[in-house]
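A.B. asks: Got a predicted structure plus its sequence, pasted below:
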Amino acid sequence: MARENACKAVALEDIDDGAMIDLIVDDRPIVIFRRGDEVYALDDNCDHMDSPLAGGEVDEYVVTCPWHGAEFDIRTGENLCPPASGPTPAHGAFVEDGYVYVVIKDGTEC
Ligand code: FES
């Protein structure tokens, strides 16, 4: 994974395994999901009516929008069911030295 423009976001230990955390990264609302030592980052937004995804239910690799139940794959942002009609942008994310880094798609240098 490209490490250019990686933004140091949060300590891995600050995200419970299986949970998520919402943050502002590079001036953008992001939700980071942790599965063991793997992390995934999506825009914290559902395209249906702009709900934040943080606060929704998450089961394995699927997050459910807390407002009306659209589901998204946390690994890719793919929309899995209505009422959302499109994907949520996914960003690069990795762990290094105990910290989660996010590479915002089309982002600026952090
Ligand atoms: S705002 Fe997400 S399903 Fe309606």
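C.D. replies: Ah, there it is. It should be emphasised that the depicted structure is a prediction, and the values quoted were computed from it without experimental measurement.
A.B. asks: Tell me the residues of this protein that contact the ligand?
C.D. replies: 46, 48, 49, 51, 65, 67, 68, 69, 70, 83, 84 (Cβ under 6 Å from any ligand atom). C-beta: built from backbone N, CA, C; applies to glycine.
A.B. asks: Now rank the residues you listed by neighbours and give me the top one.
C.D. replies: Per-residue neighbour counts (other Cβ atoms under 10 Å) across the residues of the chain next to the ligand peak at residue 46, which has 27 neighbours.
A.B. asks: contacting residues for that residue?
C.D. replies: 52, 53, 65, 67, 70, 72, 84, 88 (Cβ atoms under 8 Å, 6 or more residues apart in numbering).
A.B. asks: Which strand or helix spans it?
C.D. replies: For residue 46, there is no host helix or strand (DSSP states H and E).
A.B. asks: So what's the predicted local confidence for residue 87?
C.D. replies: pLDDT for residue 87: 96.
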